[in-house]
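1. got a sequence here, can you build the structure:
(2 chains)
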Amino acid sequence: MEKYILPEIPDYHTLPVYEQHGGYGALKKALTMKPEEIIDELKKSNLRGRGGACFPTGLKWSFMPKGTAIPKYLAVNGDESEPGTFKDRMIFELNPHQLIEGILIGCYAMGITAAYVYIRGEYGKWVTMLQKAVDDAYAKGYIGTGILGTEFSTHIYLHKGAGAYICGEESALMNSIEGGRGLPRIKPPFPAAFGLWGKPTTINNIETIANVPLILNKGWEWYSKIGAVKHPGPILVGISGHVTRPGVYEVPTGVLLTDLIDEYAGGMLDGKKLKALIPGGSSTMILRAEHVPGVTMDADSLKAAGSSVGTAGMIVMNEDTDLIRVITRIAKFYYHESCGQCTPCREGTGWLWKILKRFETGDASLADIDLLLDVANNIEGNTICALGDAAAWPVQSMIKRFREEFEKRVKPVQALAV
Amino acid sequence: MANVKVTINGKLIETDSTRTIIQAARENGISIPHFCWHEKLSTAGNCRICLVDVEKMPKLAIACMTNVAEGMVVNTKNERVVNAREAVMEFILINHPLDCPICDEAGECKLQDYAYKFSQGYSRFGDDKVHKNKRVEIGPRVMFDAERCISCSRCIRFCDEIAGVHQLQFVNRGDHTTIETFPGETLDNPYSMNVVDICPVGALTNKDFRFKSRVWEMSFTESICNGCARGCNIEIGVRNNGILRLTPRTNDDVNSNWMCDHGRLDTWKHVNAEDRITGPMVRKGGILVDVGWDEAMAKVAGELKLFNKNEIAFIGSAFASNEDNYVLARFAKEVLGSKHIDRMSHRIDGGDDALLIRADKTPNDTGAALVGIVPGEGGRDIEGIVQGIRDGHIKALYAIDDDIAQHPELEKVITKLEFFAVHASNANKSTRIADVVLASSTYAERSGTITNFQKRVQRLRPAVVTLERERALDGLTMSRLDKFAAPNDSWGKGPRRDSRASWRIVAAIGNIMGGKFKYMTAEDVFTDITHTVDAFKGLTYLKIGSKGALLQ
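-> Model prediction:
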């Protein structure tokens, strides 16, 4: 299949090569359209966010107030910190101008004059790469005042995170850009009403924005026919774990997970058997190997399978994997990253990890399985942001689908000598 | 404005759409537990104890942040809510130290109270608790115990939003989250100790009060701070007849929920002090000698008789009550016929701020003036009295409840007086010079009223007993001893001082000299004031109540 997000063209990340292949054509086209026509095009294309929630992008853009003089902002989320997720990095590296073009189209469509790209602090090298592309685009008049001779002006600022997973949560991301502590905000008010500096703001994922120029270039009809009907388009799947060729693969949505492993990632490493699979980053619910066949990489199929597409960061685990160690490590991650604002997540994530440590060391009791589940249930749904849920789901799904793994690790009850 | 109808626990409530569920419930007598929410601060929504069930909402909603809407149906105590509340309590308690037996907050701790009301009563947590710093001097007057902190952010919001200084912040993440001052900062704003009151647990404690008493061994009396003309509403905490602390009492017309650190710390230590005047004294052979009240008062009356009415001056006090000053003014003008009466000013220009603190450092200047502590027609004011003493026209001076010898000009001439009588609660410059020292009760030992800068009359109530007070209850509230026969309480032990309210001393001397004062209680004096001073017309102690009443 042809690649649209990560085309296999040498030096595509440079401005001249990007322009040779029609780069910034979508922006030129957009500037001849009315903003509402662009949003309409996006709505009809059925593009859904690639950051994890699969929210329809056109609909999100339509929430922004129109015909107002107050400043509005676009924040593009490249914090990409979920274990198993490493796709946006490839866009910064291989196709930064398509991202920039998407940002500019979004700004035009929503009447925005400043966009912030938030990139995780660990991506120092990629910040430099994107900054280079932004500078080049400024030099050619794609960004700045009076873009391409029109009255449309906008600026793009890169903002480097400082190493907190929570800053990928959209409202914490806004606080972080404002210079505050990365604490999620209570919703409502929603960002479209009260976002950056209290002004209407749209937050989109990097990959989502990189899809926008495609839709303008080739039309919504073309786009909506790629992949899964209700969740169309190209999608970047990051495959890690026990496969022969881990990496980021651009595929149409709706590809079988088994095909992703066997055809794209070169099959299971050393021919071992699949044991478990996490389809969309560490917070998505784990699947047993026997439930993987027939499941495809799109929102509906994964939902039906009892998980979610998340960020399409697929973690593949073979028959030798110690799932207790896996879940303990995942729990430790969320414990470490909980912002500490809401009681259930602040206290509960640490408790989950402490109980799981006991399973890892063989000191747990059978009752600890139910305690673990209970603690996870008490966190889920009771916090300001979704980090609480993200910490609870892996634990809940691991117990639900691999209860025997826990039971095997319980401390044996000593028989009394009579 | 009631424009929406909502149902909370089956009760139909009319309220307005700007209210949150927690506010609407509270205004209608339904309490929803809360740690982080505070009526005077912005909403943080982080503690999650106020989760309630709202029909048609898939998840439980926080009552502090969810606005009411027409037709909303809220349940604050169904099984789902109870379970969530128990879960939140369990989460808070897993890392909370079992400090209750040594914690100052015990007895008035929200977490402790909720643990009884909303917790399962046992813990499923068998692992090690997270340990943090136990004794952090977060400010000169406040101690911080990081382990007890439940990260509600009330103190941070108080500093940002009320005190107006950004001194506190969260640092670290997850269950390692703690509170620190910003680099180079310390929690030293003039209102810093209010964080102790709003802290729902014992994380922030009053350094002055720490480890002094269990709160249930104290008795609390509603009173008014005497630190400045604001008159912040307070509670006086007493044990063994000694004051241990003051805390602010909510009055939205005066001080909201707050008081300044100066008022909290510096306005009552003299009540317990070693230098108290414990009874009347007369100077004999240059030395002040303890005498009985009859002798001291006879001495004053006898001396004053020796002078012409134009040779006697009176200095009232903006530290004394309306009642004290009123009786003094009547004594001066009606019994002795003197026109020379005034009071000292204790205004410090620039000594005020935009929140509570006033430039006038006395609690009752407004009231003292209204009840007659102003020079009569052709009478001398303070400067005139000083001049009169200097040139020998004023030979006798009668002053109450103010260390008048601190006045630099007066100090130079005061020894020229032939007779000087003073009411004082503590030894001071004036008592070292006076011929007669009459032991007056402090603001915390007498009933009475004071009038703040807004012309709001507020009640002082006795919180500490004197010998006199034991015989005439006059306004004393019931102690734990009275209510529960609890022996470990306030007034059972401790020193008894032979001091009296100034109005009572003046009235007694006045009666010796031919006056006809028939007051039995401070309230009798007040009733008289309402009959003779127009601004006080129609007021009673009952009408003043615990929140005060504005003068006309």
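
2. of all the residues in chain A, which ones are close to chain B?
-> A:164, A:166, A:181, A:186, A:335-344, A:346-351, A:354-355, A:358, A:371, A:374, A:378, A:381-384 (C-beta under 8 Å from any C-beta of the partner chain). For every residue, glycine as well, the C-beta is placed using N, CA and C.

3. are any of the residues you listed buried, and which?
-> Neighbour counting with 16 or more other C-beta atoms under 10 Å in any protein chain shown marks A:164, A:166, A:181, A:186, A:335, A:337-344, A:346-351, A:354-355, A:358, A:371, A:378, A:381-384 as buried within the residues of chain A next to chain B.

4. and the residue of the stretch 51-200 of chain A nearest chain B?
-> Of all residues in the stretch 51-200 of chain A, residue A:186 sits closest to chain B, at 4.6 Å by C-beta to the nearest C-beta.

5. now do the contacts for that residue.
-> A:384, B:43, B:45, B:62, B:65 (C-beta atoms under 8 Å, 6 or more residues apart in numbering or on different chains).

6. let's see 6 Å
-> A:384, B:45, B:65 (C-beta atoms under 6 Å, 6 or more residues apart in numbering or on different chains).

7. got it, and residue A:384?
-> A:184, A:186, A:342.

8. residue A:373 versus residue A:405, what's the distance?
-> 14 Å (C-beta to C-beta, to the nearest Å).

9. next: residue B:353.
-> From residue B:353 to residue A:373 the distance is 54 Å (C-beta to C-beta).

10. tell me which of these two has more neighbours.
-> residue A:373 (18 against 13; other C-beta atoms under 10 Å in any protein chain shown).

11. what about the more buried one, helix or strand, and which?
-> helix A:367-379 (DSSP states H and E).

12. in the stretch 151-300 of chain B, which residue sits closest to chain A?
-> Closest point on the stretch 151-300 of chain B to chain A, by C-beta to the nearest C-beta, is residue B:177, at 3.2 Å.

13. phi, psi for residue A:227 please.
-> With angles defined as degrees, to the nearest 10, residue A:227 sits at phi 70, psi -150.

14. next one: phi and psi at residue A:256?
-> phi -60, psi 140.

15. the helices in the stretch 251-400 of chain A, which residues?
-> Applying DSSP state H, counting those that start in this stretch to the stretch 251-400 of chain A gives helices spanning A:257-259, A:299-304, A:323-337, A:343-361, A:367-379, A:387-408.

16. most tightly surrounded among the ones you listed?
-> helix A:343-361 (a mean of 25; mean count of other C-beta atoms under 10 Å in any protein chain shown).

17. so where is the stretch 301-450 of chain B shaky, pLDDT-wise?
-> Nowhere does the stretch 301-450 of chain B drop to pLDDT under 70.

18. in it, which residue sits closest to chain A?
-> For the stretch 301-450 of chain B, C-beta to the nearest C-beta, closest residue to chain A: residue B:354, 24.7 Å.

19. OK, contacts around residue 363?
-> Since no chain was named, I'll use chain A. Contacts of residue A:363 by C-beta under 6 Å, 6+ apart are residue A:411.

20. can you look at chain B instead?
-> B:226, B:231, B:450.

21. mind doing that once more with 7 Å?
-> B:224, B:226, B:229, B:231, B:319, B:450 (C-beta atoms under 7 Å, 6 or more residues apart in numbering or on different chains).

22. just give me the neighbour total for the last one.
-> Pointing back at residue B:450 there. 32.

23. cool, and residue A:93?
-> Using other C-beta under 10 Å: residue A:93 sits among 16 other residues.

24. also residue A:187?
-> 14.

25. equivalent analysis for residue A:240, please.
-> Count around residue A:240 with other C-beta under 10 Å applied: 19.

26. can you name the residue of the stretch 301-418 of chain A nearest to chain B?
-> For the stretch 301-418 of chain A, C-beta to the nearest C-beta, closest residue to chain B: residue A:340, 3.2 Å.

27. is it true that that residue touches residue B:171?
-> No. Applying C-beta atoms under 7 Å as the test, residue A:340 and residue B:171 come out as separate, 9.6 Å apart.

28. can you list the domains in chain B?
-> Following automatic domain parsing, one finds the domains of chain B at B:3-92, B:100-272, B:281-550.

29. got a list of what the residue nearest to the spatial centre of chain B touches?
-> Nearest to the geometric centre of chain B sits residue B:234, at 2.9 Å (C-alpha atoms, centre = their mean). Residues in contact with residue B:234 (C-beta under 7 Å, 6+ apart) are B:223-225, B:246-249, B:259.

30. from residue A:368, how far off is residue A:380?
-> Distance from residue A:380 to residue A:368, by C-beta to C-beta: 18 Å.
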